[in-house]
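Asker: would you be able to build a 3D model of this:
(2 chains)
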2 protein chains.
Amino acid sequence: MSKLGEEPIPSEVPEDHPRAHSLKIRHRITDGLDKKIVAKAGLIAHGRGEAFDYLIGEITTEPAKEAIEAACSALLLAKHPIISVNGNVAALTPHEIVELSNVSEAKLEINLFYRTKEREDALEKALRVAGAKEILGVGLKKIEIHDLSSKRRIIDPEGIAKADVVLVPLEDGDRTEALKRAGKKVIAIDLNPLSRTAQHADITIVDNLVRCIPLMKDEIIKLKSKSKKDLELILKKFDNKHNLSSMIELIGTRFLDLAKKGINIPGIKEL
Amino acid sequence: MSKLGEEPIPSEVPEDHPRAHSLKIRHRITDGLDKKIVAKAGLIAHGRGEAFDYLIGEITTEPAKEAIEAACSALLLAKHPIISVNGNVAALTPHEIVELSNVSEAKLEINLFYRTKEREDALEKALRVAGAKEILGVGLKKIEIHDLSSKRRIIDPEGIAKADVVLVPLEDGDRTEALKRAGKKVIAIDLNPLSRTAQHADITIVDNLVRCIPLMKDEIIKLKSKSKKDLELILKKFDNKHNLSSMIELIGTRFLDLAKKGINIPGIKEL
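Answerer: Numbers count the residues shown, from 1 in each chain, chains lettered A, B, ... in the order given. The predicted model follows:
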């Protein structure tokens, strides 16, 4: 039992707390800060994510499922797919991201905005503990993405540098645009359908990383039985702008419903 | 100039950065964590606030202005008004909250969910530096609010314990409900119109603390010239449920507009 005044540990979050699940996930982020996996800015970014997830009802919506199918098709069709891993991803879904890497044969590359040797090591350790065999982006000869400041420009010659498809969960707008300028097909996971990342990615999955990554693993396994032509057809049918508009419309409609019905209706969880 | 990889300091945030203002305010929170004023959970809460502020357009809306007028009337009509100060409030608006306290004659009381002597001292110092003469809730004989766990239940006999009106900026639902059970009139500042705090407070101002507190100071000065009867009339006319519904409708409508017009329209800042 932690002393009053200390941040609670998950086992102390009562199961019947209306925000129990969210609080347990939140602990992975605060714990990640203590382990130097997560940056301070990562905690604030997580809070933004919590708010947007709450707005979409904390469920994986139909548009998100369509985006997941398209994203997994793109990963399977890629010659050299890479999954970019930052601090929040390593803190929230270490095992899940390793499993997705294994089934999709997309290698993991650590890429940090606030890159220090300490954080590099902390992320590498977290991924190793989660079962990662090969991790790119650490302790290697580095090259740069041009016109991008911050250490995110440091990429692995064997990874993002030669990738055709890059999955960037929880990425910021500057880097997403830089990856586009470098000619990559970008798949983003972003709970804010209005963000630059969401708007500039080729495929944007508006969903919570914690729900999304396991669903992507299942989808990859399912799609592996399909032909190249079938996968190309799925990609051809997917329209990212339309998908994002559907998400925005879904959030807006949910809000207007609440204004009409009043707030204290079943199923609405407070934040 | 901070080294690449370190969190930026405000002077390094380019003025033309689309999120420059938000990034400068964000730094007050991360700086507050370093100074032990802010808890880790406070960074996540700030992120949620950023997201909701972004949804309402990062402006003080008309419903918020009405709530501010009602809140200031309630503070002026109160026999014993108290302003409850937590870590994020002390980090974001130390000078502004002291000024509001001075013009409204509502005393400041430090109340912390994660209360440690270290944080108590850090908040007291921050408020003293900001010019606070009297600070309640620290180093005093304490009493408790019943049926509330965590050290938030510790309140000052000279402060919240005998207050008739309590302003709780950035408060959580449990404490807001406890204050209501204790018979207090609660004024909340909360960017999430769906939160338990927003729903249970008597007057909810859905606005960013950084914009709201200075506006409240000006409003108090303006309302001081009014008669008791005029202030009571302002309070009587204010309907919190209706005000909250207006805010929720405003957010929903803004979203549906974006879905129709497409995202890349002027005035929309990316997060």
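
Asker: residue in chain A nearest to chain B?
Answerer: Of all residues in chain A, the one sitting closest to chain B is A:G47 (2.2 Å; CB to the nearest CB). Backbone N, C-alpha and C define where each C-beta goes, glycine included.

Asker: can you state the direction angle for the helix or strand harbouring that residue and helix B:40-55?
Answerer: In the assignment (DSSP states H and E), A:G47 maps to helix A:40-55. Going by axes from the mean of the first three to the mean of the last three CA atoms, to 10 degrees, helix A:40-55 is angled at 60 degrees with respect to helix B:40-55.

Asker: tell me how far stretch A:74-88 lies from the chain's centre.
Answerer: The chain centre lies 11 Å from the centre of stretch A:74-88; the measure is CA atoms, centre = their mean, to the nearest Å.

Asker: gap between the helix holding A:G47 and the chain center?
Answerer: Relative to the chain's own centre, helix A:40-55 is displaced by 12 Å; criterion: CA atoms, centre = their mean.

Asker: check what contacts the next helix or strand after it and list those residues.
Answerer: Scanning forward in sequence from helix A:40-55 by DSSP H and E, the next helix or strand is helix A:62-77. Identification of contacts with helix A:62-77 by CB atoms under 8 Å, 6 or more residues apart in numbering or on different chains yields A:60, A:81, A:104, A:106, A:165, A:167, A:185, A:187, A:202-207, A:212, A:215-216, A:219-220, A:223-224, A:228, A:231-232, A:234-235, A:237-238, A:240, A:243, A:246-247, A:250.

Asker: what is the helix holding A:G47 packed up against?
Answerer: The elements that helix A:40-55 packs onto, with contact taken as 3 or more CB pairs under 8 Å, 6 or more residues apart in numbering or on different chains; DSSP states H and E, are helix A:20-34, helix A:87-92, helix A:240-261, helix B:20-34, helix B:40-55.

Asker: looking at those helices, which is buried most?
Answerer: Among the helices and strands packed on helix A:40-55, the stretch with the highest mean neighbour count (mean count of other CB atoms under 10 Å in any protein chain shown) is helix A:87-92, at a mean of 27.

Asker: and that helix, is it in reach of chain B?
Answerer: No. No part of helix A:87-92 sits close enough to chain B to count as contact by CB under 8 Å from any CB of the partner chain; the gap is at least 11.1 Å.

Asker: so which elements touch that helix?
Answerer: Packed against helix A:87-92, as judged by 3+ CB pairs under 8 Å, 6+ apart, are the following elements: helix A:20-34, helix A:40-55, helix A:117-129, helix A:209-223.

Asker: would a markdown table of these with mean pLDDT be doable?
Answerer: A markdown table is the format used below for the helices and strands packed on helix A:87-92 (pLDDT from 0 to 100):
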| stretch | mean pLDDT |
| --- | --- |
| helix A:20-34 | 88 |
| helix A:40-55 | 92 |
| helix A:117-129 | 95 |
| helix A:209-223 | 98 |
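
Asker: Throw those helices into a markdown table and include distance to A:L194, thanks.
Answerer: Supplementary listing: the helices and strands packed on helix A:87-92 in a markdown table, determined by distance: least, CB to CB, whole Å:
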| stretch | distance to A:L194 |
| --- | --- |
| helix A:20-34 | 22 |
| helix A:40-55 | 9 |
| helix A:117-129 | 28 |
| helix A:209-223 | 18 |
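
Asker: for B:R181, find the nearest of those.
Answerer: The closest approach between B:R181 and any of these, judged by CB to CB, belongs to helix A:20-34 at 22.6 Å.

Asker: and the angle from that closest one to helix B:20-34?
Answerer: Calculated by the same axes, to 10 degrees, helix A:20-34 forms an angle of 80 degrees with helix B:20-34.

Asker: one step back: residues contacting the residue of chain A closest to chain B?
Answerer: Per CB under 8 Å, 6+ apart, neighbours of A:G47: B:43-51.

Asker: in three-state terms, label A:N192 for me.
Answerer: In three-state terms, and counting by DSSP: H, G, I helix; E, B strand; the rest coil, A:N192 is coil.

Asker: on that earlier part again, if I look at the residue of chain A closest to chain B, how far off is A:L92?
Answerer: As judged by CB to CB, to the nearest Å, A:G47 and A:L92 stand 13 Å apart.

Asker: try A:A106
Answerer: Using CB to CB, one gets 18 Å for the distance from A:A106 to A:L92.

Asker: could you list the low-confidence segments of the stretch 1-150 of chain A?
Answerer: Applying pLDDT under 70 to the stretch 1-150 of chain A flags the ranges A:1-19, A:140-150.

Asker: can you rerun that using 50?
Answerer: The model of the stretch 1-150 of chain A has pLDDT under 50 over residues A:1-6, A:8-11.

Asker: got the residues of it near chain B?
Answerer: Counting by CB under 8 Å from any CB, the residues of the stretch 1-150 of chain A that sit close to chain B are A:4-7, A:26, A:29-30, A:33, A:39-41, A:43-52, A:54-55, A:112-116, A:149-150.

Asker: much appreciated, bye for now.
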